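J.: Return atomic coordinates for the entry below.
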Amino acid sequence: MAWTSRTSLDGPGQRLAVAGISAIGVTFGFARYGYGLFLPELRAEFGLSVSLLGLIGSATYVGYLAALLTVGALVGRFGPRPLVVVGGLCATVGMGCVALARGPGLLIAGLVLAGTSSGWAWAPYSDAVDRMVPAGRREHVMGAISSGTAFAVVLAGPLALLAHGTGWRYAWLAFALAALASTVHNARVLPGGSAVHNARVLPGGSAAHEAVRGTGRVTYRRSALPLLLTAVVYGVVGAVYWSFAVELISGSADTGTATAPLFWSLMGAAGMAGALTGHAIARFGLRRVHAGLFLGIAAAVALLGLAPGALPAVALSALLYGPCFMAGSGLLAVWSYRVFPERPAAGFTVTVFFLGLGTIAGPALLGAFAELHGLRAAFLLTAALALLAPVCAPRTRGVLDRRPNVRRSSHPPVCPRRSPSHPGPS
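T.: Numbering: from 1, shown residues only. Okay, the predicted model is just below:
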């Protein structure tokens, strides 16, 4: 990861970015999305129907959501380190079970366990960033961490090409080893202990008070509704695309065996642009970035629904979906910071919870629809749903003015508004 001079991070900040990219890469790019990449092989090996594949996909997201709820209750007490480590171990063991599975039972158990890993790992990084990174650079670090998925997807494509057919088990073993290495690295980098405990060693009585801003419950506010509705749509559309895109492409008579893995890597390579999410938001604003991302996602999904066997359409879909989807997770992170500045970790957990609801509903419902009407029709319906997201646009002002009884202090909010005195990231 290259940093410009204005966003250069030294010491803990840079180590956190690298650790976060690796953890998000293995828990999302391998443990969570690897299911979709190897869906044709798993379907052939275990004789699974499209509707059952959708139910399995939804089950993996149920595990993710269960882990996420647990994280929301524990992150304030134990800090980011143990939760991310648990996520890494779930990814390691779960993907190992998938590699060794000889029947549907162990396969599903491994997929569900691996699917929980992203729920354990993602939300704690908002707390880690709040504690380890200076206020003016947090948006950039969160955007970079979110791009870890893209790096892992790029690596997974060639591995799937090499492990085509019965060799898919070796790919999952490689995924498990990568998850183990990332877990060990994060255990050395991330802070442990509660925010309150760490604040008590700081001079000044207000430090402890400000350190607990990132934990606890969040209060309902009307400004959160567009954010949460966007998270649901993002979850539905993303889960369907990640679960069934390779199956749709591989099922077309006009594509070869190398098309799907190369499509996957192209999507990941394009998705590396998601690291620039913070820059885009600082320059164009949340509202414009939000609209552009979801229009791009809708176009990418529609292209596969219209022409899954046409290589130009497949390539264009990957080029659109990669950066738009990867940037979407960073957008949700930054938007959540702005809606819940007094409780960044808890607010982000609420946001990802609603995203989880969408990911659970998407594969099961669209899988059942595809069983009756085909995957192409299911993708066109999903594209239409993505077009509804711009209706839930972010508010342009007033988001940070709704803090209930939070005293202003020298400790800035996680994602402060741009002003003449605070130019914001660029």
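J.: Could you identify the helix or strand that succeeds the helix or strand bottoming out on mean pLDDT in the chain?
T.: The weakest-scoring helix or strand in the chain, judged by mean pLDDT, DSSP states H and E, is helix 206-211 (a mean of 36). Counting by DSSP states H and E, the next helix or strand C-terminal to helix 206-211 is helix 224-250.
J.: just the helices in the stretch 1-150 of the chain please.
T.: 12-24, 34-37, 39-46, 50-78, 80-100, 104-121, 124-132, 138-146, 148-162 (DSSP state H, counting those that start in this stretch).
J.: Any idea how many residues pack against L55?
T.: Neighbouring residues of L55 were enumerated by other Cβ atoms under 10 Å; the total is 16. Where you see a C-beta, it was placed from the backbone N, CA and C, and this is true even at glycine.
J.: and what of G20?
T.: By other Cβ under 10 Å, 29 other residues sit near G20.
J.: Next up, the contacts around it.
T.: 125, 128, 141, 144-145, 148 (Cβ atoms under 8 Å, 6 or more residues apart in numbering).
J.: between these, which is nearest P191?
T.: A128 (6.4 Å; Cβ to Cβ).
J.: Do you know the pLDDT at the closest one?
T.: Looking at A128, its pLDDT stands at 87.
J.: From G278, how far off is the closest residue to it other than its chain neighbours?
T.: Once flanking residues are discounted, A128 sits nearest to P80: 4.2 Å by Cβ to Cβ, 6 or more residues apart in numbering. Using Cβ to Cβ, to the nearest Å, one gets 20 Å for the distance from P80 to G278.
J.: just L316 next, same as before
T.: 26 Å.
J.: what about those two, which has more around it?
T.: G278 (27 against 17).
J.: Can you list the helices and strands that whichever strand or helix holds the more buried one packs against?
T.: In the assignment (DSSP H and E), G278 maps to helix 277-284. Counting contacts by 3 or more Cβ pairs under 8 Å, 6 or more residues apart in numbering; DSSP states H and E, helix 277-284 packs against helix 138-146, helix 286-306, helix 311-339.
J.: and of the ones you listed, who's closest to L248?
T.: Closest to L248 of those, according to Cβ to Cβ: helix 286-306, at 5.7 Å.
J.: Buried residues of the closest one, list them for me.
T.: Judged by neighbour count (16 or more other Cβ atoms under 10 Å), helix 286-306 contains these buried residues: 286, 289-291, 293-305.
J.: that older thread, adding distance to P261 and mean pLDDT, write the helices and strands packed on helix 277-284 out as CSV.
T.: Formatted as CSV, the helices and strands packed on helix 277-284 follow (distance: least, Cβ to Cβ, whole Å; pLDDT from 0 to 100):
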stretch, distance to P261, mean pLDDT
helix 138-146, 23, 76
helix 286-306, 16, 95
helix 311-339, 11, 90
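J.: Just put these in CSV and tack on distance to S265.
T.: Listed next are the helices and strands packed on helix 277-284 as CSV, based on distance: least, Cβ to Cβ, whole Å:
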stretch, distance to S265
helix 138-146, 19
helix 286-306, 16
helix 311-339, 9
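J.: T116: which of these is closest?
T.: Across these, T116 has its closest neighbour in helix 311-339 (17.7 Å, Cβ to Cβ).
J.: Off-centre distance for the closest one?
T.: Taking Cα atoms, centre = their mean, to the nearest Å, one finds the center of helix 311-339 at 10 Å from the center of the full chain.
J.: How about the contacts made by the residue positioned nearest the centre of the chain?
T.: For the chain, the residue nearest the mean C-alpha position is S329 (5.3 Å; Cα atoms, centre = their mean). In this structure, S329 makes contact with 146, 149, 274, judged by Cβ under 8 Å, 6+ apart.
J.: For the helix holding G278, buried residues please.
T.: Under the neighbour-count criterion of 16+ other Cβ under 10 Å, helix 277-284 has 277-282 buried.
J.: and if you look at stretch 49-67?
T.: Within stretch 49-67, the residues that count as buried by 16+ other Cβ under 10 Å are 50-67.
J.: For the residue lying closest to V237 once chain neighbours are set aside, give its distance to R137.
T.: What sits nearest to V237 in space, not counting adjacent residues and going by Cβ to Cβ, 6+ apart, is A386, at 4.7 Å. Counting by Cβ to Cβ, the separation of A386 from R137 is 31 Å.
J.: quick one, which of those two is more surrounded?
T.: Taking neighbours as other Cβ under 10 Å, A386 and R137 compare with A386 leading, 26 against 19.
J.: ok, back up a step: is it possible to export the buried residues of helix 277-284 to CSV including pLDDT?
T.: Formatted as CSV, the buried residues of helix 277-284 follow (pLDDT from 0 to 100):
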residue, pLDDT
T277, 77
G278, 76
H279, 81
A280, 86
I281, 86
A282, 84
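J.: mind listing what L173 touches?
T.: Counted by Cβ under 8 Å, 6+ apart, L173 has contacts 95-96, 99.
J.: Looking at those, which one is closest to L375?
T.: Within these, proximity to L375 (Cβ to Cβ) peaks at M95, which comes in at 25.6 Å.
J.: got a list of what the closest one touches?
T.: Shown in contact with M95 (Cβ under 8 Å, 6+ apart): 30-31, 34, 110, 114, 172-173, 175-176, 179.
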